[in-house]
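1. This is a predicted model, with the sequence first.
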Amino acid sequence: MDGVPEPHAGWTFITNHARVLAAIADDQNARIRDIAAYCRLTERAVQKIISDLEESGFLSHTREGRGNTYLISPGMTLRHPAEAEAGLTVASLLGLLAQDEAHRADQYRSDERQGADRS
């Protein structure tokens with residue numbers, strides 16, 4: 001989980017639950033410590049979020065040695081009534097987040113090339 005973002009103050013559009021789920025989607029063997037660092041949360045907060053996601057059926061895990069391997073339930077409908085009514089799933093949310101992440105990575109590479117061209 002490279003490229004840890006800078007800390008952010010104030011409200012955001014994406015919940016911590018969605019951030020943790022996206023971090024797990026990126027690395028299903030991620031340690032809680034790594035997820036916490038990436039999401040800028042405490043390890044305790046990440047443990048609570050993972051527990052919430054597991055209790056609701058969005059996530060499960062298997063113990064492998066000293067670590068966990070997480071399994072996301074991509075077909076689960078999102079919890080908010082507006083999204084649930086529209087049939088939006090975890091897979092659709094993660095797809096949007098992945099597309100945004102890919103777009104930002106492409107933009108970053110493009111900006112780096114332009115900066116190198118100006119040197």
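-> Yes, it's here.
2. Can you give me the neighbour number for the closest residue to residue 88 other than its chain neighbours?
-> Leaving out its chain neighbours, the residue that sits closest to residue 88 by CB to CB, 6 or more residues apart in numbering is residue 78, at 4.9 Å. C-beta: built from backbone N, CA, C; applies to glycine. Using other CB atoms under 10 Å, residue 78 is surrounded by 18 other residues.
3. Same check on the one 5 residues further on?
-> For residue 83, the number of neighbouring residues by other CB under 10 Å comes to 14.
4. Could you check how far the residue nearest to residue 88 is from residue 70?
-> 18 Å (CB to CB, to the nearest Å).
5. Please identify which helix or strand holds the spatially most central residue of the chain.
-> Taking CA atoms, centre = their mean as the criterion, residue 22 is the residue nearest the geometric centre of the chain, at 1.8 Å. If you go by DSSP states H and E, residue 22 is part of helix 16-26.
6. So what's the model's average confidence on that helix?
-> Mean per-residue pLDDT for helix 16-26: 94.
7. Flag every buried residue along it.
-> By 16 or more other CB atoms under 10 Å, the buried positions in helix 16-26 come out as 16-25.
8. With stretch 48-68 instead?
-> 49-50, 53, 58-59, 68.
9. Could you verify my assumption that the residue nearest to residue 88 touches residue 91?
-> No: between residue 78 and residue 91 there is no contact under CB atoms under 8 Å: 10.3 Å.
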